[in-house]
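In: Using only what follows, build the 3D model:
(2 chains)
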Amino acid sequence: MIQVKNLIKRFGPVTAVDNISFDVGAGEIVGVLGPNGAGKTTTIRILTCFHPATSGSATVVGHDVFHESMEVRRNIGYLPESAPLYPEMRAREYLEFRARLHGMARGDREAALRRVTERCWLGEFIDRPIGQLSKGMRQRVGLADALIHDPKVLVLDEPTIGLDPTQIRETRELVKELGARHTILLSSHILHEVEQVCGRAIIIKSGRIVASGSPDELRQRVSASSPLIAEISGPAEEIRQAVAALDGVGQVEIRSEDGWHRLAISPSQRADVRADIFKLAAEKGWSLREIRREVASLEDYFVKIVAEQQAPGI
Amino acid sequence: MQKVGTLTRRELSVFFFSPIAYVVIAIFLVVTGIFFTSDNFLPGAEASLRITFGNYLPLILVFVLPMLTMRLLSEEFRSGTVETLMTAPVSEADIVLGKFLGTLVFYLAMLATTLLHVVLIAVYGPLDVGMLLATYLGLILLGGLYISVGLFFSACTRNQVIAVLCSFVLLAVFTFLANYLAREQEGTLRVVLQHLSIVAHFQDFARGLVDTNHLIFFLSTTVLFLFLTVKVLESRRWR
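Out: You can find the predicted model right below:
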């Protein structure tokens, strides 16, 4: 549905998007993650035909965003980050206006309006001027606008920003439901959200893709080399040497307290050495009172990548 | 084309919703009314609209029309709605035409209020209908040009104040200054300045004369500014 190849976008001396390539297949929900200023919004604006790219290409539903701009726009429903709306219009009028801009005939417009009103829970305020609506309501109107012409592709830029927790949850549920019938590309800097909603995540930093994969895959990359914590009692130096000698153990740091030694073990490969440590302790007669793996979350992964450290496994 | 209609309707509804538009009409009516009464209702004065419409209205419009056009595109840039507008399947030309026509129709409504003055004058004698129609045609063309200039400057900036001031200055220069300078000059320069002077082109309409020369002036300059507006809007994408 969406193909981006070697996309570059420069604004004067600043390179906002630096050679990005990715694909989104039909029916996928893909999340673009990255810190502020990473290039998520710029990439999205290129896809929705708001900005032309400096070089590279992007196609949506088989149409090139630069050469067949109108076709692309007909097939995309876009919710920009600020969910801009006209405050003087009523929600219903606004949606009608947008439906007309998409060239929908009267009968279709009415049916579409009913459909999105229900889908986005606009019922209670559909006739109120937009200027009087709260942020959450406006966001829903914006989402309704993106859905009104039943596009094949939905592009949502930070769809849950500024919403309260209930609304955030509702929006995420809605996005998941919509994923059944539309291809969705959303951007966010909330990892948790991407984990929950998206089948695949693309992490962007400084205009480049630094990681890509399903949330599970990404988590794997982190946990495979997560440090182990063990607390053992016995002769400190001997413990340290014995553990370090084990297969698959890299560095061992030891800290002593009250006769117990707390070891922080960094594995040298993607191996789970917990069982081996237990066996070792049992053999030598040392007491073992804690052994666990510090499962790094996707968040640690994200923070690490973004802090310019090489992400494990890339 | 249907999209232009949709956009025009929306602009029109915004005009009728916004308080600024009504304030502007009120100012227009008051000022026009003042000129109308002070010139005409004097003993021995000519009972005609020529002075009010021919001399004063262009002056009034130079102030009033930029006030109507200043928000047209500037507001969209400022509020970010330009993003949803330009990612919808409408061309920049559609957008510009829609805004232009919406403003023009509102201007026609405003102009229609001057019919009041026509009625008042009609009490004093038979109307020269031909002259009246020519004058109104001239006013519509004049308004079209002023609106297209205002729209152009609105496309150039997010700041409404800059838009209105620039429009005002440009129009003032070509409406008043050119005419004034033309009177001071001789020969070719005089002719050139006269051709650039908006008032000089409008005067004939006020006298009841419909000259194609002037018609083409107004239409071509209006189209020029609309074209430039489309180009400025297109160029916004790259920034």
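
In: anything in the helix or strand where residue B:111 lies near chain A?
Out: Take DSSP states H and E as the rule and residue B:111 turns out to sit in helix B:92-112. No. Applying CB under 8 Å from any CB of the partner chain, one finds helix B:92-112 separated from chain A by no less than 8.9 Å. C-beta here means a position set from N, CA and C on the backbone, and glycine is covered the same way.

In: Could I get the CA-only coordinates of that helix as CSV?
Out: Coordinates of each C-alpha in helix B:92-112 appear next as CSV, following Å, rounded to 0.1, in the frame of the first residue of the first chain:
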residue,chain,number,x,y,z
GLU,B,92,-4.4,25.4,-5.5
ALA,B,93,-6.4,27.1,-8.4
ASP,B,94,-9.6,25.7,-6.9
ILE,B,95,-8.7,27.1,-3.5
VAL,B,96,-7.8,30.5,-4.8
LEU,B,97,-10.9,30.8,-7.0
GLY,B,98,-13.1,29.7,-4.2
LYS,B,99,-11.8,32.3,-1.9
PHE,B,100,-11.9,35.0,-4.6
LEU,B,101,-15.5,34.3,-5.6
GLY,B,102,-16.6,34.0,-2.0
THR,B,103,-15.3,37.4,-1.3
LEU,B,104,-16.6,38.8,-4.5
VAL,B,105,-20.1,37.7,-3.8
PHE,B,106,-19.9,39.2,-0.3
TYR,B,107,-18.7,42.4,-1.9
LEU,B,108,-21.7,42.4,-4.2
ALA,B,109,-23.9,42.1,-1.2
MET,B,110,-22.1,45.1,0.3
LEU,B,111,-22.4,47.0,-2.9
ALA,B,112,-26.1,46.2,-3.1
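
In: what comes up buried for it?
Out: For helix B:92-112, a neighbour-count test (16 or more other CB atoms under 10 Å in any protein chain shown) marks B:92-104, B:106-107, B:110-111 as buried.

In: Contacts only, for residue 93.
Out: Going with chain A. residue B:13 (CB atoms under 8 Å, 6 or more residues apart in numbering or on different chains).

In: hm, I was asking about chain B
Out: Residue B:93 makes contact with residue B:230 under the criterion CB under 8 Å, 6+ apart.

In: And it, how far from residue B:101?
Out: Residue B:93 sits 12 Å away from residue B:101, going by CB to CB, to the nearest Å.

In: Not counting residues beside it along the chain, what's closest to residue B:49?
Out: residue B:121 (5.8 Å; CB to CB, 6 or more residues apart in numbering or on different chains).

In: Which pLDDT does the model give the one you found?
Out: Note for residue B:121: predicted pLDDT of 82.

In: Surely it is in contact with residue B:40?
Out: Yes. Using CB atoms under 8 Å, residue B:121 is in contact with residue B:40, at 7.0 Å.

In: tell me which parts of chain A are close to chain B?
Out: Contact residues, chain A versus chain B (CB under 8 Å from any CB): A:11, A:45, A:48-52, A:70, A:73-74, A:76, A:78, A:80, A:82, A:84-89, A:93, A:97-98, A:100-103, A:145.

In: Just the ones in helices from those, please.
Out: Secondary structure from DSSP state H places A:45, A:70, A:73-74, A:93, A:97-98, A:100-101, A:145 of these in helices.

In: can you tell me which two in those residues are farthest apart?
Out: Spanning the widest gap among these are A:45 and A:93, at 26.4 Å by CB to CB.

In: burial measure for the residue of chain A found nearest chain B, as a count.
Out: Across chain A, the shortest distance to chain B (CB to the nearest CB) belongs to residue A:84, at 3.7 Å. When neighbours are defined as other CB atoms under 10 Å in any protein chain shown, residue A:84 has 19 of them.

In: residues in contact with it?
Out: Contacts for residue A:84 (CB under 8 Å, 6+ apart) come out as A:142, B:79-81, B:83-84.

In: show me where chain B has helices.
Out: Secondary structure of chain B, counting by DSSP H: helices at B:2-17, B:19-40, B:57-69, B:74-79, B:81-86, B:92-112, B:115-122, B:129-156, B:160-172, B:178-184, B:187-196, B:198-206, B:212-236.
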